[in-house]
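Quick check, what structure comes out for this input:
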Amino acid sequence: MNDSLVIIPTYNEKENIEAIVRKVLSLPHPFDLLIVDDSSPDGTADIVRSLQQEFPERLYLESRTGKLGLGTAYIHGFKYALRKGYEFIFEMDADFSHNPDDLVRLYHACAVEGYDMSIGSRYIQGVNVVNWPMNRVLMSWFASLYVRLITGMPIADTTAGFVCYRRKVLKTIQLNKIRFVGYAFQIEMKFLTFKYGFKIKEVPIIFTDRTKGESKMSSGIFKEAVLGVIRMKVNSIFRHFDRY
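Okay, here's the model as predicted:
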């Protein structure tokens, strides 16, 4: 078994899944890959099963019943990674909006430079987003600004979904108490990592919007983030963040 596991949640990603699997498993660092599929009706899981015959020791599939949400998919993957003993655990999208080559840079930040969390950041060096309409760029940028102002986190891209965690971070965070399942899940994970005093580094990336398949973003997901951040900050006032 390798020391690194990349977790990719999927729902109707048949157009992207084979290419992203092959790319991740071809990188110079030996990443293992876990697909967490929410019963995609388009047959995404069947494609993964066929690829497992080619990559039996590095490609894994967890199929869930129904569309249960991004946050719960990652938590399912985190618990899997902890059970299996992985040291470095990654979040990543299936649609190539995150460049798989950047996994190596996120790994280096944690494994070599000693950070506990590394974030593939769209905003640490200007605005590095390709193929998004301007209104979505502005919404995302101002969302991160809003989160920084409310929470005090010194993180430019608070909603980023391209992240590497050291094992000890996920063991310290109480995964069963994570409240958010959509867009705000990414914020909550970073906030808890920050509050527990772990070392965080933002690694600049170029984010490219998907060219195949459909986006899962919705106004409801964004609303959860806006309102949820305030509740999250207030609740943190009454919580102790001690590491043992």
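
Geometric centre of this structure: which residue is closest?
Most central in the chain under CA atoms, centre = their mean is Glu91, positioned 3.1 Å from the mean C-alpha point.

Check the gap between that one and Cys164 for me.
Using CB to CB, to the nearest Å, we find Glu91 at a distance of 8 Å from Cys164. (Each C-beta comes from the backbone N, C-alpha and C, glycine too.)

Same check on Asn128?
When Asn128 is compared with Cys164 (using CB to CB), they lie 18 Å apart.

Neighbour count for the two, which is higher?
Comparing Asn128 with Cys164 by other CB atoms under 10 Å, the one with more neighbours is Cys164, at 28 against 15.

close enough to count as contact, that one and Glu87?
No - contact criterion CB atoms under 8 Å: Cys164 and Glu87 do not qualify, at 10.4 Å.

In terms of pLDDT, where does Ile237 sit?
We have a pLDDT of 86 for Ile237.

So what's the residue count around it?
Ile237: 6 neighbours (other CB under 10 Å).

Any stretches of this protein with poor pLDDT?
210-225, 244 (pLDDT under 70).

what ranges do the strands span in it?
Under the criterion DSSP state E, the chain contains strands at 4-10, 32-37, 59-63, 88-91, 117-121, 129-130, 163-166, 200-204, 207-208.

Would you tell me which of those strands gets closest to Thr151?
Of all the strands of the chain, it is strand 200-204 that lies closest to Thr151, at 12.8 Å by CB to CB.

So what are the sheet partners of that closest one and their directions?
Using DSSP bridges, strand 200-204 pairs in its sheet with strand 117-121 (parallel).

can you pull the contacts of the closest residue to Tyr196 other than its chain neighbours?
Spatial nearest neighbour of Tyr196, excluding adjacent residues (CB to CB, 6 or more residues apart in numbering): Phe241 at 5.0 Å. Applying CB atoms under 8 Å, 6 or more residues apart in numbering, we find Phe241 in contact with Leu192, Lys195, Tyr196, Gly197.
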